[in-house]
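Student: Provided below for reference: sequence and predicted model.
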Amino acid sequence: MHDIDREFLSETTRKIGEAKALLQDRDARIAALIRYRRATVQEIMSVTGLTKSRIYQVFEVTYGFPASEIERRNGAES
Amino acid sequence: MRHVRPAGVRAIEALSELGKALGYEVHHEYPVGGRAAVDVAWTSANSHESPLFVFEVESTPSQGIANNALKVLGPASSEVIKPLFFFHLVLQGDEQNRRMQIAQQSFGMHNYQIFRMAGRTGRAGFLTAVFQQHRRLRETISVDAVVEILSSPYWGSDEFHGEMLTAIESLEFKGSFVASYTRLALRDNQFDRLLASRLRAEGDCEDAAGQFDGGPGDYLTGLVAMAFQIYAGEISEADGPGALEQWSKSIPWLERRIDVRLGLSEELDQYVVELAAVEFALAAALLQDRKSSYEWVAQDMWRFVQAQTRSPLHPRYRLVTVLWLAHVIAGAPQGSQVPSYEDLEVLVAEADGIPRLHAHVPPNPFFGDLESMDAWYWETDRVELPTALELTNSPDTRGTDRVVDTDAAHLTLSILLDFHVLWDSAERICRILHAHRSSPDT
């Protein structure tokens, strides 16, 4: 393998690793913000540009129940 | 010949119980060769073939002592398969008995040893030899079973327990030492130090997982275990804060052991939101007579609360931790340097107060009951944080029956083993935290 290819693969792999870690951090933050009622799904959508279904997916993977349950409780208590 | 004298019968019963506890099949009057027999033999479970260990019990060092050894060790192996070890026990007789010495000299080159069972030293030597031989065959041991055996009057005093259990540890058996020692310490606090020593030895080794037999202790971070080592004197009070700080930073990829990491799973979140505070409070309860270590716990708990304020938690979800910290501050030893109570009042105000129902005692851990957990945080009937004095003098924290359970170690050890105790522990922990401050007559 040429040095230039070796360098490219090594560097992009490192960056992908960093990006994955960032992605995990962001998703954990999103899930917790909704779970502990510091932000609504709408607010997350407007800040991140993520779709509602993607945010729901992130939440449910973490907590095992739908984010709509929190939204329902928010509505009931506000 | 079968033993009929009480001392011999008791010794044989004790050998039988010991064999069963170690997982062997026990046989009495086990035949060897033609018409001879040994008093007790242990074979592998479900096997009556060739005994692994044999025991011959002599009431006194009589003339026939050598013959009894010879009936097993004398014949050719084709006639009598030799055991892995022959334990020859003499119940009475002085230490320098000539016949015993001759028997040992004659047969000691085989796997044979003669033991004088009179007195504690003799029995300790015998038991240690049994454990050594057992270790040749087995890597694991039931510590509970051994403890039960040692508790029988035959083997002697409680002090003997510690000596024998230390011998077992030095043979590097694998077993539930921590859980068994916790049960032992719950029975008698003279075993606190034995437990603390084992907790320190196991530290962070990989095998430590599951050391509380799946009880709450396995789900906590180890702060309570550290506090217990300081409480029991295994770590001195002077070294306490340093040891706690070192422990807190001992995992390379974590900034602190107890920190706020949310959104990874419901279970981890529950630890951050409600359980970590209980762990801090339990550690504080144990350290009430260890002022500088208590201060470390209170300060680290305050750091944890501050980390919660920077996290995605709505202010209401910090309330369990804040309320527990209020108790830790209010119950602190006189003259302690602990975080400011007024800072907590601000945090409670940010959460629109605390539910009136739990103004004086934090809720018990909710443990996965999402519905009741959320219902508590969003309860509408709310009040301000009571003053420190009100917390200490509340009937809830003094005990309405005026009987204050002040044994922090007993409660803590019970919690480490039993979820049911943890689930109903909040009021008891509070009482212990305030026991030094409150007086039943005030």
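Tutor: Structure's in. What do you need?
Student: then stretch B:89-97 to CSV, C-alphas only?
Tutor: The C-alpha coordinates for stretch B:89-97 follow below in CSV (Å, rounded to 0.1, in the frame of the first residue of the first chain):
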residue,chain,number,x,y,z
LEU,B,89,-6.8,-37.9,64.7
VAL,B,90,-6.0,-38.4,68.3
LEU,B,91,-8.5,-36.8,70.7
GLN,B,92,-6.4,-36.8,73.9
GLY,B,93,-2.8,-37.0,74.8
ASP,B,94,0.1,-34.6,75.2
GLU,B,95,1.9,-32.9,72.4
GLN,B,96,5.1,-34.8,72.8
ASN,B,97,3.5,-38.3,72.9
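Student: Quick check: which ranges of chain B have low pLDDT?
Tutor: Along chain B, segments meeting pLDDT under 70 span B:1-2, B:47-48, B:157-159, B:204-209, B:367-370, B:398-406, B:437-442.
Student: What parts of it come near chain A?
Tutor: Residues of chain B lying close to chain A (CB under 8 Å from any CB of the partner chain) are B:261-266, B:269, B:273, B:311-314, B:316-317, B:370, B:374, B:378. Glycine gets a C-beta too; all of them are placed from N, C-alpha and C.
Student: Now list the buried members of the residues you listed.
Tutor: B:262-263, B:269, B:273, B:311-314, B:316-317, B:370, B:374, B:378 (16 or more other CB atoms under 10 Å in any protein chain shown).
Student: Okay, now stretch B:109-118: how far is its last residue from its first?
Tutor: Terminal residues of stretch B:109-118 lie 24 Å apart, using CA to CA, to the nearest Å.
Student: what does stretch B:134-148 give?
Tutor: 17 Å.
Student: what helix or strand is residue 30 on?
Tutor: Picking chain A for this. Using DSSP states H and E, A:Ile30 maps to helix A:3-35.
Student: I was after chain B.
Tutor: strand B:25-32.
Student: Counting neighbours, which bits of that strand end up buried?
Tutor: Judged by neighbour count (16+ other CB under 10 Å), strand B:25-32 contains these buried residues: B:Glu25, B:Val26, B:His27, B:Tyr30, B:Val32.
Student: so what strands line up beside it?
Tutor: strand B:36-43 (antiparallel) (DSSP bridges).
Student: chain center to the following helix or strand past the partner strand, what's the gap?
Tutor: Scanning forward in sequence from strand B:36-43 by DSSP H and E, the next helix or strand is strand B:53-58. In terms of CA atoms, centre = their mean, to the nearest Å, the centre of strand B:53-58 is found 34 Å from the chain centre.
Student: Contacts only, for the residue positioned nearest the centre of chain A.
Tutor: Nearest residue to the geometric centre of chain A (CA atoms, centre = their mean): A:Asp27, 2.2 Å. Listed by CB atoms under 8 Å, 6 or more residues apart in numbering or on different chains, the contact partners of A:Asp27 are A:Val58, A:Thr62, B:Gly263.
Student: How much space separates B:Asp213 from B:Ser142?
Tutor: Distance of B:Asp213 to B:Ser142, given as CB to CB, to the nearest Å: 12 Å.
Student: now B:Pro252
Tutor: Here the criterion is CB to CB. By it, B:Pro252 lies 35 Å from B:Ser142.
Student: who's more crowded, the two?
Tutor: For B:Pro252 versus B:Ser142, the count of surrounding residues by other CB atoms under 10 Å in any protein chain shown is larger for B:Ser142: 16 against 5.
Student: My guess is the more buried one contacts B:Phe177. True?
Tutor: No - in this structure, B:Ser142 is not within contact of B:Phe177 by CB atoms under 8 Å, at 10.9 Å.
Student: other SSEs contacting the one helix or strand A:Arg72 maps to?
Tutor: Using DSSP H and E, A:Arg72 sits in helix A:67-77. Helix A:67-77 sits against helix A:3-35, helix A:52-63, with contacts defined as 3 or more CB pairs under 8 Å, 6 or more residues apart in numbering or on different chains; DSSP states H and E.
Student: Mind putting these into CSV with mean pLDDT?
Tutor: As requested, those are arranged in CSV below (pLDDT from 0 to 100):
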stretch, mean pLDDT
helix A:3-35, 95
helix A:52-63, 94
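Student: Pick the most deeply packed of the ones you listed.
Tutor: Highest mean neighbour count among those (mean count of other CB atoms under 10 Å in any protein chain shown): helix A:52-63, with a mean of 17.
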